[in-house]
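> I'll drop the sequence and a predicted model, then ask my questions.
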Amino acid sequence: MVHAWGCPTVPQPNVPPPQEVVYASTPEQVVAPLRAAIAAALCAPETTDRATLRAAADALDDTLASARDAMPLGRLRVLLQDASAPDEPAFRDVLQALARTERAYHFNEIVAERPTLLLVHGSDRGPFDTFAPYLEAFAQTHNVVFVLYDSFRPTAQKAAWLADRIREWRAGADASGALHVVAWSDGTTVLRKAVLDDEEGVFRGARIVNLAPPLAGSHRARWVDDGPMRLIAFPALLYLVRNSYLIDMAEDYNPYGALMAEMYDRRASEAMVQHLGSGSELNVVVERDPHAPQAPLVGFLEPGFEAYAARYDASLGTNHVRLPAWSENPHQDVTRDPEAIRAAVRHLSGDPAPVDVRPAATRPQHGRS
């Protein structure tokens, strides 16, 4: 915990400019500059709000110790910005270090002739936790790159940030090979928005695998609709008011909201094909995904459901794999599903053969739930 950190006796690690290639194969390497900045701020004599910094240090340590490596960038940002003295130099330094952890990292050494695999994590789960099997499966065949971002910002901001990071990464690395992308959950939405807004061809020719994509929005976010669902979900609304960073996500993912209608209508699906090419995108969906459309028990509560379901079907397309649920948390655990990994390998290799999905009863029960 924080008492074991001690005051730094050497300068904190230099943070490379955005274009420079940075390697990281462990969560500890990713957060080393942030960790050093927090330690320096704690030891600075002018720091007044040490309690907030200790809470940030504890959150960072707890995250790494749990092996989840969620890299809680959004939670740390909110914590630090809500400090009693956020404008102190020490806090500014920590916030700058936090912002600089949001970048593209190389997992392994660059091999010029290999394709690049870009891993885009989801909400509040970091790349090592989410993609451990993919790091292992593709390390010998791809230049593996992952991006780390604050998932609590609005979708449009995250998408613009993602496009900028990929542009910077391509300028600073040997990125002449093919671009492959595997994204999970919120990362699939961020990626789709970035592709739809791509006017420079950053993603042109890329092959994409979407794991458990919340296509056309999230069923869980439908309470944001200006209708009776607000009253039914009032306790959830009170919770979200205390956590304003979740409001942006809930509004963005409202399946009856403007953003989801814009991103997942038929024209948007056709635009994805124009940007990427036919057959370049594979959706891997799982049964019992709580974010997928679920017909309402009482139709008048959700009068837009049919249009929502139609957008889901249009964006799902014909190039998809539907897997049976094999854990209590199918949306979370799809990233460790061996059949999903097989589907990704086949799609990224250009193999159009269908995936042989074993019955749920025979599938290994591993992964974090």
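Sure, I can see it. Being a predicted model, the structure only gives us computed values, none of them experimental.
> Now the residue of the chain most remote from its centre, what are its backbone angles?
The outermost residue of the chain relative to its centre, with distances by Cα atoms, centre = their mean, is Pro45 at 37.2 Å. When read as degrees, to the nearest 10, the backbone of Pro45 gives phi -60, psi -30.
> now the spatially most central residue of the chain, nearest residue through space, not along the chain?
The centroid of the chain falls nearest to Gly122 when counting by Cα atoms, centre = their mean (2.5 Å). With Cβ to Cβ, 6 or more residues apart in numbering as the criterion, Gly122 has its nearest non-adjacent residue at 3.2 Å, and that residue is Ser185. Backbone N, C-alpha and C define where each C-beta goes, glycine included.
> pretty sure the one you found is touching Ala212, no?
Yes - assessed by Cβ atoms under 8 Å, Ser185 is found in contact with Ala212 at 5.5 Å.
> any residues in contact with both of these two?
His291, His331 (Cβ atoms under 8 Å, 6 or more residues apart in numbering).
> For the residue nearest to Gly122, grab the count of nearby residues.
Burial measure for Ser185: 27 neighbouring residues, criterion other Cβ atoms under 10 Å.
> pLDDT score assigned to it?
You'll see Ser185 listed with a pLDDT of 93.
> Could you check how far it is from Val111?
The gap separating Ser185 from Val111 is 29 Å, by Cβ to Cβ, to the nearest Å.
> Now do the helices in the stretch 251-369 of the chain.
Per DSSP state H, counting those that start in this stretch, the stretch 251-369 of the chain carries helices over the ranges 258-264, 266-276, 305-316, 330-333, 338-348.
> What are the boundaries of the helices in the stretch 51-200 of the chain?
Using DSSP H, counting those that start in this stretch, the helices of the stretch 51-200 of the chain run over residues 73-81, 89-100, 127-138, 155-172, 186-196.
> Mean neighbour count, those helices: which tops it?
Comparing the helices of the stretch 51-200 of the chain by mean neighbour count (mean count of other Cβ atoms under 10 Å), helix 186-196 comes out on top with a mean of 25.
> Quick check: His320 touching Gly279?
No - His320 is not in contact with Gly279 according to Cβ under 8 Å; the separation is 11.4 Å.
> Tell me which of the helices of the stretch 251-369 of the chain approaches Asp289 most closely.
When the helices of the stretch 251-369 of the chain are ranked by distance to Asp289, counting by Cβ to Cβ, first place goes to helix 330-333 at 4.9 Å.
> follow-up on the earlier one: so who does the residue nearest to the centre of the chain touch?
By Cβ under 8 Å, 6+ apart, the contact set of Gly122 is Thr130, Ser151, Ala183, Trp184, Ser185, Asp186, Gly187, Thr188.
> so the fourth one sits right up against Ala212, yeah?
Translated: Trp184. Yes - contact criterion Cβ under 8 Å: Trp184 and Ala212 qualify, at 6.3 Å.
> Overlap in contacts, those two.
Counting by Cβ under 8 Å, 6+ apart, the common neighbours of Trp184 and Ala212 are Val334, Thr335.
> Span of stretch 202-209 from start to end?
Chord length of stretch 202-209, first to last residue, is 17 Å (Cα to Cα, to the nearest Å).
> shaky segments in the stretch 101-250 of the chain?
Within the stretch 101-250 of the chain, the set of residues satisfying pLDDT under 70 comprises 124, 172-176, 223-248.
> Where do the strands of it begin and end?
Secondary structure of the stretch 101-250 of the chain (DSSP state E, counting those that start in this stretch): strands at 104-106, 116-120, 143-147, 179-184, 207-211.
> Columns distance to Ala37 and mean neighbour count on top of the ones you listed, output as CSV?
Formatted as CSV, the strands of the stretch 101-250 of the chain follow (distance: least, Cβ to Cβ, whole Å; neighbours: other Cβ atoms under 10 Å):
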stretch, distance to Ala37, mean neighbour count
strand 104-106, 18, 20
strand 116-120, 25, 27
strand 143-147, 21, 25
strand 179-184, 29, 26
strand 207-211, 33, 26
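> As CSV, those strands with distance to Thr52 would be great.
Converted to CSV, the strands of the stretch 101-250 of the chain look like this (distance: least, Cβ to Cβ, whole Å):
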stretch, distance to Thr52
strand 104-106, 27
strand 116-120, 30
strand 143-147, 27
strand 179-184, 31
strand 207-211, 35
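> how about those strands, which one is nearest Pro296?
Of all those, the one in closest proximity to Pro296, counting by Cβ to Cβ, is strand 207-211 (25.5 Å).
> Tell me what angle that closest one forms with strand 179-184.
10 degrees (axes from the mean of the first three to the mean of the last three Cα atoms, to 10 degrees).
> Packing partners of strand 207-211?
On a contact count with 3 or more Cβ pairs under 8 Å, 6 or more residues apart in numbering; DSSP states H and E, strand 207-211 meets strand 179-184, helix 186-196, strand 281-286, helix 338-348.
> can I get the helices of the stretch 251-369 of the chain in TSV with mean pLDDT, mean neighbour count and distance to Ala24?
Output for those, formatted as TSV (pLDDT from 0 to 100; neighbours: other Cβ atoms under 10 Å; distance: least, Cβ to Cβ, whole Å):
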stretch	mean pLDDT	mean neighbour count	distance to Ala24
helix 258-264	93	19	31
helix 266-276	90	16	28
helix 305-316	91	18	33
helix 330-333	89	21	23
helix 338-348	93	20	22
